[in-house]
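Novice: coords below, sequence missing:
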Ligand SMILES: [Zn+2]
């Protein structure tokens with residue numbers, strides 16, 4: 001790859017071709033991931049003796065193959081056929097247990113297909129989620145089936161065929177009320193969908209955060225847990241270098257926003273001749289976001305998705321900085 005290669009890796013990553021057989025050395029990443037996602041039914045990588053990382057159409061999860069069945073960590077919407085093919089390519093064991101990692105429909109939307117596949121084999125799919133996720137589903141009158149087994153919020157664990165799975169819920173969460181990280185203890189894999197997109201600057205609204213305010217706290221909470229592989233569902237296979245990059249990017253973004261706010265005070269946007277005061281704030285944030293993006297462009301502009309993601313991310317951080325002083 002030459003100097004003008006796009007995208008530039010945030011962590012100066014070493015890339016390899018994906019392998020369903022060879023265990024990935026921690027820290028390495030899958031090369032050419034976006035193109036693979038757009039041209040292949042799935043991208044499959046073995047992480048440990050019994051666990052695999054899989055992605056289809058830029059949506060990913062982790063699965064663990066036991067002696068009798070398979071545990072899968074999301075029932076991602078719209079990609080059941082590809083994900084189940086990927087699982088079947090490495091084992092003839094059925095998917096017996098699924099997790100709702102948090103209550104966002106895009107991560108659990110194909111649950112009916114997993115339930116139906118289990119029924120056709122004459123068994124019931126076990127669905128595991130935190131009590132907070134079940135509450136959140138109830139509040140929204142969710143049409144999805146409720147978990148068959150609930151874990152205590154925010155900390156609990158369960159056993160799956162010799163594997164210990166720990167729930168690490170974020171009591172003050174940025175992404176959703178029930179956002180959590182799931183640790184496959186013996187495999188040393190941390191799966192936290194939408195916490196971070198490894199190998200990329202932050203995705204739109206920090207991977208779809210409902211609020212920015214607790215994002216850094218949530219990243220800090222998982223940093224010290226014992227894992228070698230980080231799965232954020234989207235983006236590449238991650239390591240602590242990706243979290244370090246995220247913190248550095250946020251620090252630069254906050255500084256750029258502070259500078260823009262200093263140069264463009266809110267009063268600049270107050271227009272007494274306007275018909276309503278509604279426009280003052282949206283104009284203010286639009287200018288702050290555009291200025292902050294311009295400040296970061298020389299350092300980050302060649303990284304994946306920078307131009308599309310940074311203005312909305314800057315607006316989100318600017319709002320948090322404005323309100324939580
Ligand atoms: Zn989500």
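Specialist: Great, that's in hand. Note that the structure is a prediction, hence the values are computed from the model and not measured.

Novice: point me to the residue of this structure nearest the ion.
Specialist: Using CB to the ion, residue 104 is the residue of the chain that sits closest to the ion, at 3.3 Å. Any C-beta I mention is one placed from the backbone N, CA and C, and that applies to glycine too.

Novice: with adjacent residues omitted, what lies nearest to that residue?
Specialist: Among residues not flanking residue 104 along the chain, residue 176 sits closest, at 5.9 Å (CB to CB, 6 or more residues apart in numbering).

Novice: surely the one you found meets residue 211?
Specialist: No: in this structure residue 176 lies outside contact range of residue 211 using CB atoms under 8 Å: 9.8 Å.

Novice: okay, those two: which has more neighbours?
Specialist: residue 176 (20 against 16; other CB atoms under 10 Å).

Novice: just the pLDDT for that one.
Specialist: Turning to residue 176, the model gives it a pLDDT of 98.

Novice: same deal with residue 6?
Specialist: 82.

Novice: pull up the gap between the most far-flung residue of the chain relative to its centre and residue 284, please.
Specialist: Computed with CA atoms, centre = their mean, the residue of the chain farthest from its C-alpha average is residue 273, at 44.4 Å. Note on residue 273: its distance to residue 284, by CB to CB, to the nearest Å, is 17 Å.

Novice: contacts for stretch 73-83?
Specialist: 41-42, 54, 56-57, 59-63, 72, 98-101, 105-111, 113-114, 182, 191, 193, 231, 233 (CB atoms under 8 Å, 6 or more residues apart in numbering).

Novice: let's see it at 6 Å
Specialist: 41-42, 56-57, 59, 61-62, 98-99, 101, 106-111, 113-114, 191 (CB atoms under 6 Å, 6 or more residues apart in numbering).

Novice: any of the residues you listed buried? List them.
Specialist: 42, 56, 59, 61-62, 98-99, 101, 107-111, 114, 191 (16 or more other CB atoms under 10 Å).

Novice: from those, pick the one nearest residue 152.
Specialist: The closest of the buried ones among the contacts of stretch 73-83 to residue 152 turns out to be residue 99 (CB to CB; 14.9 Å).

Novice: surely that closest one is in contact with residue 126?
Specialist: No: in this structure, residue 99 is not within contact of residue 126 by CB atoms under 6 Å, at 9.5 Å.

Novice: which ones are touching residue 218?
Specialist: Contacts of residue 218 by CB under 6 Å, 6+ apart are 170, 174.

Novice: skip the chain neighbours and tell me the closest residue to the residue nearest the centre of the chain.
Specialist: The centre of the chain sits closest to residue 194, judged by CA atoms, centre = their mean, with a distance of 2.1 Å. Leaving aside its sequence neighbours, residue 194 sits nearest to residue 207 (CB to CB, 6+ apart; 4.4 Å).

Novice: what's the burial count for that neighbour?
Specialist: Neighbour number of residue 207 under other CB under 10 Å is 23.

Novice: that one and residue 19: what is the separation?
Specialist: Residue 207 sits 26 Å away from residue 19, going by CB to CB.

Novice: likewise residue 205?
Specialist: 33 Å.

Novice: and the two? Which one has more around it.
Specialist: Counting neighbours by other CB under 10 Å for residue 205 and for residue 19 shows that residue 205 has the greater number, 20 against 12.

Novice: averaged pLDDT, stretch 218-232. What do you get?
Specialist: On average, stretch 218-232 scores 98.

Novice: ditto for stretch 109-119
Specialist: Mean predicted lDDT for stretch 109-119 stands at 98.

Novice: within range of the ion, give me the residues from this structure.
Specialist: 104, 194 (CB under 5 Å from the ion).

Novice: for residue 159, helix, strand, or coil?
Specialist: Each residue gets one of three states, and residue 159 gets strand by DSSP: H, G, I helix; E, B strand; the rest coil.

Novice: which residues does residue 23 contact?
Specialist: Neighbours of residue 23 in contact, by CB under 6 Å, 6+ apart: residue 46.

Novice: quick one: the closest residue to residue 6 other than its chain neighbours and residue 10, what's the gap?
Specialist: Spatial nearest neighbour of residue 6, chain neighbours left out: residue 302 (6.0 Å); criterion: CB to CB, 6+ apart. Distance of residue 302 to residue 10, given as CB to CB: 10 Å.

Novice: higher neighbour count, the two?
Specialist: residue 10 (21 against 15).

Novice: what distance do you get for that one to residue 237?
Specialist: 14 Å.

Novice: repeat for residue 194
Specialist: In terms of CB to CB, residue 194 sits 16 Å off from residue 237.

Novice: residue 17 now?
Specialist: Distance, residue 17 to residue 237, using CB to CB: 13 Å.

Novice: check residue 266 too.
Specialist: Distance from residue 266 to residue 237, by CB to CB: 42 Å.

Novice: quick one, which of those two is more surrounded?
Specialist: residue 237 (27 against 14).
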